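# Following is a predicted model, sequence given first.
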Amino acid sequence: MGLKAAPADQELLLELHDHDTQMQRLDHQLRTLPEYAQLSALESEAQEVRRTAAEQLGQLEDAQAELGRVEADVAVVEARMERDRGRLASTSSVKDVQALEQELAHTKRSDVAVDDREDDDPYARWSDKD
């Protein structure tokens, strides 16, 4: 049993079909434009740049945290050396002087080791410590 549509309804259906076909053709033209391909390539490149930036930011934050730890270690060593120098200047006991000189020598070696850690940090040049 076939369905029959009124001629006006058939005309509307044909017009709808024409519009649908035209939309599909325009969509195809849009997707085959060279600019569309360039846009896709640029979007991929932008995504890669964002990924690289996020990785580098993470590395920078890690380096800054390590630099902060090294600077804190340096501050502790420098404070210890200053304290020992003050004690050395105020003592009169030869035994105390020898012990403090040994402590200062040990602290100096610790300071060199901490400085070496700081020098090994490839990101240290980015710190604002100047």
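Structure received. Residues are numbered from 1 along each chain as shown.
# Could you use CA atoms for every contact and neighbour count after this?
OK.
# Closest to the geometric centre of the protein, which residue is that? Let me know.
Nearest to the geometric centre of the chain sits residue 57, at 1.0 Å (Cα atoms, centre = their mean).
# what does stretch 36-55 rub up against?
Outside stretch 36-55, the residues within contact range by Cα atoms under 8 Å, 6 or more residues apart in numbering are 30, 31.
# what does stretch 7-14 give?
Residues from elsewhere that reach stretch 7-14 (Cα under 8 Å, 6+ apart): none.
# chain center to it: distance?
Chain-centre distance of stretch 7-14: 61 Å, with Cα atoms, centre = their mean, to the nearest Å.
# Residue 63: how many residues sit nearby?
Using other Cα atoms under 10 Å as the criterion, residue 63 is surrounded by 18 other residues.
# make that residue 68, sorry
By other Cα under 10 Å, the residues close to residue 68 number 15.
# I'd like to know which helix or strand in this protein has the lowest mean pLDDT.
Sorting the helices and strands of the chain by mean pLDDT, DSSP states H and E puts helix 94-120 at the bottom, at a mean of 74.
# Name all residues that make contact with residue 31.
Residues in contact with residue 31, defined by Cα under 8 Å, 6+ apart, are residue 37.
# Could you check the pLDDT of it?
For residue 31, the model assigns a pLDDT of 85.
# now it: how far from residue 52?
29 Å (Cα to Cα, to the nearest Å).
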